[in-house]
Structure formats: structure tokens, C-alpha cells
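Trainee: just coords:
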């Protein structure tokens, strides 16, 4: 049944994105390139709407098998986040409007799903958060929603990471009921399957872009999947962070670096690691494939850690940061990179 569902959702996504692409071309819903863009020709946007509809549809179908209240909160808030993204794709919204609405969605999510009361740090153990966990959960949801959107900058990267991270959550929730439930399983499976179908149109050279409708929705979904899991302890937060580590690192390090330089942190730029690699001569396909593989690596480590592996914590805490440092040093040495 799961594999039949996966294949069916992937096919429906591919067909849905095709229809959206034709619609966007007819209505001139195009992303026009500028000096900060990674593309050179006007390209339809909003193709990620197919991902959103399939995930929400799967969620409605599987809600009866899970905690109904939490499922409805996810579906309701996810719909709001996606609707805001679609409005921004069609008629640009102000950052204030987006952040206020996302903040409300985060607050409702905390009320309906709870918050992180602890976080497990590999090699160190559990850190109890207490009431501060509410604040951390709030900024985790809003932050990842926007970080995913910021990272959707080259062909294949956002869809590829969603495919990989979705498979990671599917793997975790199916391998042990301790880390997931049927609702988490089906949401994760639908994300990965719909993202695969979308990549049929978005893999370099992209014929349509995902758009904010899906990039913000996916960021929100990956932020709350740990809250929806069967275990809301520190391990769930760590697993959620681990499966998103490439986007969190790239968006987080870039944000801090630009803040220290007193740059306008929300203005368009091309200083993310993935952008620097492309500027340095790597193709979109190569960079997107790298991020996909790093996410799959994180998925493997998360599974090993969840199964009690003794070596996984060292690879997580030391190995992944080392990989990032090496990539950053390499990017800084490439030609054409400031």
C-alpha cells in the first residue's frame, strides 16, 4: 500500500505541475530574472501548489488514524501558510504581513501541538528547556518556514531536499512507532512523493519554479513534524533539526554573517553557500545533488541515532560541521566568488 500510494502521488504531482505550468504561462505568472537571480529567462512559478494540495489531501485522509485535534491544527495552519505564499507569488505581500500571519500560525500550532520541553545534544545529553521551550518552538517554526523559502534559489534544491527529508521522516516513523505515528508517516510520504513529481519539471533546467506557496509550506511542515511525532522530547527536536541541517546551516550562517556586517538581512543577495558554489562554476544540478546527498546522509545518521548507535552522535556533532567547514572553505577559494 505505501509504495502504491507513493507512486500514485508522484504521478499526480507530475501531472498537476504540468497543468499549473500551462496555467501560469497563460496568465503570465512568471518569475522575471534580475541581477540577483540564478536564472536568465522568465520562468513560470507556483508549481509547488501541486505539492501542497496533495499533502493536504493525504493529511485529510489520514487524520482519522491519528490525533484529530493535532491533525486539524496542522492542516489548518498549513493551509494558511500556503495561501499566504500563493498570494505572495501572485501579488507580492509585505514582509510584515507575512511575519505576522506566520507568527499567528506558530502560536496556534504551539497551542494545538505543544512545545519542546527539552533538546538532546549528541555527546552531551538532554537539556531541559522549561518555559523557554515555548519561545524556542515559536522561533523554530517561524524561522524554518522562512529559511526554507530563502533556500529555494536554484533549480532542484528545494524539491530535492524535501524529497530526501520526507523520506527520512517516512523511514523513522515506519521503523519505530516511538518516533512517529500514522499521520506523520503519511504526511512525510506525501511530501517526498509529491516533491519527486515536482522535480520532473524543476530539475535543471527548470521549466517551472516552486514558488512561496510550497517553499513556506514545506518549511512549516518540517518544523512541526517533530511536534506531531509520538515522542515530543528532545530527541524529536534533534531529529527534526538533523533532517533540515543543510538548509539550517546555510540560512543560519548566512544570516549571522550578514548581520555582523550590518547588511540588510532580508534584502536579496547571493551569499548563501549554494549560491557561491554556483557562482564559482558548479551547475545547478551538481549543487542540488550535493544538498540532496547531505540530507540523505543526515537521514541515515538520524535513523542510526534513533536505533541507539554508539558512533552516530560523534558523526552528527563533529562530522557534519566539519563537512560544512570544508565546503565553505572550498567555496571561498573558487574563482568569481567574492
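Mentor: That came through, no problem. These figures come from a predicted structure and were not determined experimentally. Numbering: from 1, shown residues only.
Trainee: pLDDT of the longest helix seen in the chain, averaged?
Mentor: The longest helix of the chain (DSSP state H) is helix 2-27. Mean pLDDT, helix 2-27: 94.
Trainee: and the next element down the chain from it?
Mentor: strand 30-31 (DSSP states H and E).
Trainee: Return the distance of that next one from the chain's centre.
Mentor: 22 Å (C-alpha atoms, centre = their mean, to the nearest Å).
Trainee: Provide a list of residues in contact with the residue most central in space within the chain.
Mentor: Nearest to the geometric centre of the chain sits residue 219, at 4.1 Å (C-alpha atoms, centre = their mean). By C-beta atoms under 8 Å, 6 or more residues apart in numbering, residue 219 lies in contact with 144-149. Where C-beta positions appear, they are placed from N, C-alpha and C, glycine not excepted.
Trainee: Which helix or which strand is home to it?
Mentor: When the helices and strands are read off by DSSP H and E, the one containing residue 219 is helix 212-228.
Trainee: re earlier: report pLDDT for the residue nearest to the centre of the chain.
Mentor: Residue 219 is given a pLDDT of 98.
Trainee: out of the contacts of residue 219, who's nearest residue 286?
Mentor: The shortest gap between residue 286 and any of these belongs to residue 148, at 21.0 Å (C-beta to C-beta).
Trainee: distance of the nearest residue to that closest one once chain neighbours are set aside from residue 86?
Mentor: Spatially, and ignoring its direct neighbours in sequence, residue 148 is nearest to residue 219 (2.9 Å; C-beta to C-beta, 6 or more residues apart in numbering). Distance, residue 219 to residue 86, by C-beta to C-beta, to the nearest Å: 15 Å.
Trainee: Repeat that for residue 201.
Mentor: 18 Å.
Trainee: Quick one: the strands in the stretch 101-250 of the chain, in order.
Mentor: Assigned by DSSP state E, counting those that start in this stretch, the stretch 101-250 of the chain shows strands spanning 118-121, 125-128.
Trainee: Quickly compare these and say which is most buried.
Mentor: strand 118-121 (a mean of 16; mean count of other C-beta atoms under 10 Å).
Trainee: Show me what it is packed against.
Mentor: Packing contacts for strand 118-121, counted by 3 or more C-beta pairs under 8 Å, 6 or more residues apart in numbering; DSSP states H and E, involve strand 125-128, helix 234-243.
Trainee: any low-confidence regions in the chain?
Mentor: Low-confidence segments of the chain (pLDDT under 70): 32-40, 65-67, 175-180, 230-234, 265-268, 335-338.
Trainee: just so I have it, where are all the helices in it?
Mentor: 2-27, 49-62, 68-90, 95-113, 132-150, 157-175, 182-202, 212-228, 234-243, 245-260, 273-279, 284-306, 312-314, 320-332.
Trainee: The first one - contacts with which helices or strands?
Mentor: The reference is to helix 2-27. Contact partners of helix 2-27 among helices and strands, from 3+ C-beta pairs under 8 Å, 6+ apart: strand 43-44, helix 49-62, helix 182-202.
Trainee: how far does stretch 208-217 sit from the chain's center?
Mentor: That offset, for stretch 208-217, works out to 10 Å (C-alpha atoms, centre = their mean).
Trainee: Quick one: end-to-end distance for it.
Mentor: Start-to-end span of stretch 208-217 (C-alpha to C-alpha, to the nearest Å) is 17 Å.
Trainee: Which residues does that stretch contact?
Mentor: Contacts with stretch 208-217, where a contact means C-beta under 8 Å, 6+ apart, come from 17, 20-21, 24, 31, 43-49, 51-52, 55, 78, 81-86, 88-89, 102, 145-146, 148-149, 151-152, 158-159, 198, 201-202.
Trainee: Can you say which of the residues you listed are buried?
Mentor: 17, 20-21, 24, 31, 43-49, 51-52, 55, 78, 81-82, 84-86, 88-89, 102, 145-146, 148-149, 151-152, 158-159, 198, 201-202 (16 or more other C-beta atoms under 10 Å).
Trainee: May I see the contacts of residue 219 organised as TSV, with distance to residue 117 added?
Mentor: As requested, those are exported to TSV (distance: C-beta to C-beta, whole Å):
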residue	distance to residue 117
144	19
145	22
146	24
147	23
148	25
149	28
